[in-house]
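Asker: Here is a sequence with its predicted model. Questions after.
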Amino acid sequence: MHVMTNVAAIQMASGPQPQANLLEAKRLLREAVEKGAKLVVLPENFAMMGMQETDVLKIAEEPQAGPLQAFLAEQARRFGIWLVGGTIPLKTLRGDRARSTCMVFDDQGERVARYDKLHLFDVRLPDGDERYTESRIYEPGEQIVTLDTPFGRMGLAVCYDLRFPELFRGLLDQGAEFVAMPAAFTAQTGQAHWDILLRARAIENQMFMLAAAQGGFHVNGRETYGHSALIDPWGRVVAQLGRNPGVLVADLGCECVGRIRTLFPAVQHRRLACDVEVSPASG
């Protein structure tokens with residue numbers, strides 16, 4: 001018998017003031033819980049979309065403690081949910097660089113996983129003069145991360161990671177049945193590639209994709225694409241938001257992963273190895 005497993009993606013249009021963003025995140029978390037969500041994913045940079053790229057360094061925290069980590073732990077515990085905490089900046093040995101870190105908290109408020117974004121967004125968009133250089137403020141992570149949850153085995157990825165299929169092969173080989181992915185795709189790249197990449201990663205790895213995005217116009221002048229989504233292992237869009245902030249709640253039927261992989265065993269038919277050189281970690 002199928003048991004409903006409600007998961008949620010929260011979509012925000014975060015601004016430069018962390019306290020205002022935390023209040024909005026708390027409001028949306030409450031809405032997700034009221035709709036029955038047991039696992040909730042926040043978007044990338046949920047606590048701050050600064051006026052300048054370097055503004056995020058002002059709120060970077062020590063790896064073991066800080067107000068943003070305390071906020072995430074408190075919300076997970078208060079609402080009794082598993083919480084994928086978007087991304088927050090963590091300090092490194094280099095004072096001018098942080099890690100863009102996704103932390104997972106269980107329903108007791110305990111941190112159970114940490115993933116540092118592997119792929120940094122250093123690009124110039126082909127239409128217009130938008131340019132992004134995340135390597136000015138971040139250093140890349142070194143490990144892929146999967147972990148067991150009450151909802152199935154979860155992999156973690158962040159935004160630009162979506163363009164690197166070898167990462168998802170690595171998550172698949174570590175047993176991932178779904179991937180939680182905080183993101184902040186630009187309006188231009190999202191329009192061109194968001195849906196097709198989410199569906200491709202789901203189809204080729206026969207896993208769910210649960211993507212929580214920034215969506216809308218930001219105080220700093222940026223526009224993000226939104227369209228947070230739950231994609232099933234067959235590539236179907238189970239649920240999706242539009243451009244504006246809000247909450248997506250949908251059923252994550254992880255037993256269908258095994259069914260699809262048995263009936264249509266494409267992942268067993270691989271002939272070429274895709275060795276992921278980074279080492280696994282889950283805490």
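Answerer: Yep, that arrived.
Asker: so where's the stretch 151-283 of the chain shaky on pLDDT?
Answerer: Residues of the stretch 151-283 of the chain meeting the criterion pLDDT under 70: 277-283.
Asker: Am I right that residue 99 sits in a strand?
Answerer: Yes: if the criterion is DSSP: H, G, I helix; E, B strand; the rest coil, then residue 99 is within a strand.
Asker: And it, how far from residue 58?
Answerer: 15 Å (Cβ to Cβ, to the nearest Å). For the C-beta atoms, the positions are set from N, CA and C on the backbone; glycine is no exception.
Asker: try residue 239
Answerer: For residue 239, the distance to residue 58 - Cβ to Cβ - is 35 Å.
Asker: Compare the two and say which one has the larger neighbour count.
Answerer: Neighbours per residue (other Cβ atoms under 10 Å) separate residue 239 from residue 58, with residue 239 holding more: 17 against 11.
Asker: Report the buried residues of stretch 86-101.
Answerer: For stretch 86-101, a neighbour-count test (16 or more other Cβ atoms under 10 Å) marks 86-90, 97-101 as buried.
Asker: TSV for those residues, including distance to residue 7 and pLDDT?
Answerer: Listed next are those as TSV, based on distance: Cβ to Cβ, whole Å; pLDDT from 0 to 100:
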residue	distance to residue 7	pLDDT
86	15	98
87	18	98
88	21	98
89	25	97
90	25	98
97	33	93
98	28	96
99	26	97
100	22	98
101	21	98
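Asker: Check these against residue 28 and report the nearest one.
Answerer: Nearest to residue 28 out of these is residue 86 (Cβ to Cβ; 11.4 Å).
Asker: Just confirm that closest one contacts residue 43, I think it does.
Answerer: Yes: shown here, residue 86 and residue 43 form a contact pair, counting by Cβ atoms under 8 Å, at 5.2 Å.
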